[in-house]
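Chemist: Please work out how this folds:
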Amino acid sequence: MHQEISAVRDVAILITRLFAGLENQPEEYVLVPFKDPEEMIWWIGNLTARGGGDRPELFFHAAILALRAVRPRSVCYGFTDAPAKDEYLEDLAESLADFSRIEVNILLTTEVDDFVFRSNTVNEERRKLTTRRRRRRQTTGMEYYDRLAMASGGQVIRTTKDEISEAVKLILVDLDTSQFLSPVGIIEIPGGVNSSSVVIVITNVNTMKVFMVASPQRGQWTVRVSSSVEYSIVVTANSTLSFGYQLVNNVTRGHGGYKELDYKPATDDEQIIVLKIEDATTDARGLGAITNVSLVRVDDVELERITPTELEPLEEYEIKTVLPSEGFRVVITGTDSKGLPFRRCDPVVVTRSQVILTVNMDSSGRFTVKPGEVLKVNITVINRSPSIDTYNLNVSDTESFYDSIDPETLKLEPGATGLVLVTFTPPDNVSLGVVSTVSVLCMGSGYSNYVVFQLDISSAEIDATAPTCEITTTTDYTADCNTAEDTGISCEKALWYIEFEAHDTGLGLYNIKTSESYPKANITVYPFNTGTNEVVRGDYISDCCRTTVNIVASDLVGNVGRCFVDFAIEPSSGTNDFHRYWHLQLILAGILCKLFS
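Modeler: Now for the predicted structure:
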């Protein structure tokens, strides 16, 4: 893995440096969880390869650790040069990726002499995804990598060790770092015009070729490949206009509404899909419209076309249909805010299952448990297949609260229902507010399914008192934000600074942060022990391009206290900077007095 680690190390450090300080800087860097890009760079720079020759590898163990660590809708990249010895965990990895909508991409390397282009294997896996998903899969190679990537909307990039340093450049394209790339080659574009400013060659090696169209013209584009060997073609794009969707159930209790499925949809049941257009260039009232929703097989064959119903005033759309038995992707067509047509495809492959798992919980999708308390959760397993099947159940949770499952195996007749009891016991000393994500995987001979829920650690005591937060010091650090530009100082060079104190008289402080991040600002909270009743101090510094901050202090049971300051408010005569915050409150109070006098 020496070449792979070197290539991954270089591109990871490059990506971290390129995005550091930008508006779209990642919120977390996960090698182990980091929030500091320099710390991430230091640890990656110290990765080395020793030994070797120990094929196969525990790929899926590593993938599961990553899938549990990252946030929903993240993009993950896995690198390996060997088969997996733990392919029995493939279904669990797929269920975690599916539940959190995480895209998994895998770069698979081999020696040059061993390299086999597996386009026929990929096509075979696409065919399998349109039929039944079998737990006991007969594999001739490493097709489980293709299944994981394709089911999550990612892809497998097969390359050689000599070309891995070029292959990792594809990650830069996926992360939309085009602003950092320069044209390095010329190819022929539609119309016969040669222009290095239109098409940029990112990677051009024997095993893969990646081109980026820098300024695509509106219309339909055609890709043609002339080669003596087969290629798999993947086309991706970034746009200000996209869409999202959820498979949901109706919730009848409480206030009603929708709840996103936490399992694979069932066969032959009518399913609700809620869709929403997302446009970064316009407000929510001018997004255009979705005219058609298509369920499209992985080989681009349309299985069903549906006209959606608009849900006013939510700016969302709804379709109701019995999902196809084959794996499919969701494709929408419509018009944007300017009346121009568009088409978008979500890369995730949706599959159905003939085994269903249900958990009796409220609409929040979580259970509450106290430290040291035993929690028993009932899970119902339903066999919707036409034949008898035996199901094996596996439970895991991120905080290791899981104790046992009874029974571990169920044999069910067609249409029969079985009950499983899962027991959890968090330790006595676990911190309040800890959340453990539980995954229950059910695997039969023909189908698998999963259910995911959360356990929240709560207190046996009642704490209804919110923390207090107070601004103790404010100062224009280098210039007054109100007059800086008048005196020729740009907002980036004019700084302001505050100090604050947070305190909780109940079960104690849990976290102190700002309500929203600003890359050019910095908050410092002095160290404290979770659950403290001592006063905790901190400070915040920012430039005058953003003049407000909202400091949020939370306690162990979720009570919240806030303090707010706005350096754009002109102090009245006779007040000093220390009173900016209170000046704002008095203005608001004065308005309320006038309204109600």
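Chemist: Please parse the protein into its domains.
Modeler: 2-213, 241-345, 355-457, 468-596 (automatic domain parsing).
Chemist: what residue ranges in the stretch 201-350 of the chain are flagged as low confidence?
Modeler: For the stretch 201-350 of the chain, the stretches with pLDDT under 70 are 201-208, 214, 250-257, 280-287, 313-314.
Chemist: Need the contact partners of stretch 398-409.
Modeler: Under the criterion C-beta atoms under 8 Å, 6 or more residues apart in numbering, residues 68, 369, 374-375, 390-393, 395-396, 420-426, 430, 434-438, 455 lie in contact with stretch 398-409. All C-beta spots, glycine's among them, are computed from the backbone N, C-alpha and C.
Chemist: Please type out the ChimeraX selection for whichever of the residues you listed turn out to be buried.
Modeler: The ChimeraX command for the buried members of these (criterion: 16 or more other C-beta atoms under 10 Å) is given here:
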select :369,375,391,393,395,396,420,422,424,425,426,430,434,436,437,438,455
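Chemist: if we can go back for a sec, lowest average confidence across the domains of the chain, which one?
Modeler: Least confidently modelled of the domains of the chain is domain 2-213, at a mean of 65 by mean pLDDT.
Chemist: got the residue ranges for the strands in the stretch 301-450 of the chain?
Modeler: 302-306, 309-311, 316-322, 328-335, 341-345, 355-359, 366-369, 375-383, 389-397, 402-406, 409-412, 417-424, 435-443, 448-457 (DSSP state E, counting those that start in this stretch).
Chemist: What of the stretch 451-597 of the chain?
Modeler: For the stretch 451-597 of the chain, the strands defined by DSSP E, counting those that start in this stretch cover 468-476, 495-503, 509-514, 522-525, 536-543, 548-555, 560-566.
Chemist: Nearest to residue 60, out of those strands?
Modeler: strand 509-514 (33.1 Å; C-beta to C-beta).
Chemist: For the closest one, which helices and strands make contact with it?
Modeler: strand 495-503, strand 522-525, strand 536-543, strand 548-555 (3 or more C-beta pairs under 8 Å, 6 or more residues apart in numbering; DSSP states H and E).
Chemist: Pull out the buried residues from it.
Modeler: 509-510, 512.
Chemist: Kindly format the C-alpha coordinates of that strand as CSV.
Modeler: What follows is strand 509-514, C-alpha atoms only, in CSV (Å, rounded to 0.1, in the frame of the first residue of the first chain):
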residue,chain,number,x,y,z
LEU,A,509,-22.9,22.9,31.2
TYR,A,510,-22.5,20.6,28.2
ASN,A,511,-21.4,22.8,25.3
ILE,A,512,-20.7,26.4,24.3
LYS,A,513,-20.6,27.5,20.7
THR,A,514,-21.8,30.0,18.1
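Chemist: what's the angle between it and strand 468-476?
Modeler: 30 degrees (axes from the mean of the first three to the mean of the last three C-alpha atoms, to 10 degrees).
Chemist: Outside of strand 509-514 itself, list whatever touches it.
Modeler: Contact partners of strand 509-514, identified using C-beta under 8 Å, 6+ apart, comprise 432-433, 467, 502-503, 521, 523, 525, 528, 530-533, 536, 538, 540, 549-556.
Chemist: Write a ChimeraX command that selects only the buried members of those.
Modeler: To isolate the buried subset of these in ChimeraX, counting by 16+ other C-beta under 10 Å, use the following:
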select :432,433,467,502,503,521,523,525,528,531,536,538,540,549,551,552,553,554,555,556
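Chemist: before we move on, the earlier item: what's the closest of the strands of the stretch 301-450 of the chain to residue 64?
Modeler: strand 389-397 (8.0 Å).
Chemist: For the closest one, enumerate the helices and strands it packs against.
Modeler: strand 375-383, strand 402-406, strand 409-412, strand 417-424, strand 435-443.
Chemist: strands paired with the last one, and their directions?
Modeler: Pairing partners of strand 435-443, with direction, according to DSSP bridges: strand 389-397 (antiparallel), strand 448-457 (antiparallel).
Chemist: okay, these in CSV with distance to residue 360 next?
Modeler: CSV is the format used below for these (distance: least, C-beta to C-beta, whole Å):
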stretch, distance to residue 360
strand 389-397, 16
strand 448-457, 10
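Chemist: what's the closest of those strands to residue 492?
Modeler: Within the strands paired with strand 435-443, the stretch nearest residue 492 is strand 448-457; the backing value is 41.6 Å (C-beta to C-beta).
Chemist: Give the buried residues for the closest one.
Modeler: Neighbour counts over strand 448-457 (16+ other C-beta under 10 Å) mark 448-455, 457 as buried.
Chemist: ditto for stretch 350-370
Modeler: For stretch 350-370, by 16+ other C-beta under 10 Å, it's 350-357, 359, 366-367, 369-370.
Chemist: The closest residue to residue 153 other than its chain neighbours and residue 367: what is the separation?
Modeler: Leaving aside its chain neighbours, residue 153 sits nearest to residue 347 (3.4 Å; criterion: C-beta to C-beta, 6 or more residues apart in numbering). Counting by C-beta to C-beta, to the nearest Å, the separation of residue 347 from residue 367 is 33 Å.
Chemist: Where does residue 77 sit: helix, strand or coil?
Modeler: Look at residue 77: counting by DSSP: H, G, I helix; E, B strand; the rest coil, its state is strand.
Chemist: Spit out the contact partners of the nearest residue to residue 310 once chain neighbours are set aside.
Modeler: Using C-beta to C-beta, 6+ apart and skipping residues adjacent in sequence, the residue nearest residue 310 is residue 317, 5.5 Å away. Residue 317 sits next to 274-276, 290, 293, 308-311 when contact means C-beta under 8 Å, 6+ apart.
Chemist: Neighbour count and distance to residue 147 for those - can I get that in JSON lines?
Modeler: Shown next, in JSON lines, are the contacts of residue 317 (neighbours: other C-beta atoms under 10 Å; distance: C-beta to C-beta, whole Å):
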{"residue": "274", "neighbour count": "18", "distance to residue 147": "27"}
{"residue": "275", "neighbour count": "20", "distance to residue 147": "26"}
{"residue": "276", "neighbour count": "17", "distance to residue 147": "29"}
{"residue": "290", "neighbour count": "22", "distance to residue 147": "30"}
{"residue": "293", "neighbour count": "23", "distance to residue 147": "26"}
{"residue": "308", "neighbour count": "20", "distance to residue 147": "30"}
{"residue": "309", "neighbour count": "11", "distance to residue 147": "34"}
{"residue": "310", "neighbour count": "12", "distance to residue 147": "36"}
{"residue": "311", "neighbour count": "14", "distance to residue 147": "34"}
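Chemist: just those residues now: which is nearest residue 233?
Modeler: Nearest to residue 233 among these: residue 293, at 24.6 Å, using C-beta to C-beta.
Chemist: Quick check: bridge partners of the closest one?
Modeler: Legend: beta-bridge partners of residue 293 under DSSP bridges are residue 306, residue 332.
Chemist: That one and residue 98, how far apart?
Modeler: 20 Å.
Chemist: swap in residue 484?
Modeler: 51 Å.
Chemist: ok, now residue 547?
Modeler: 43 Å.
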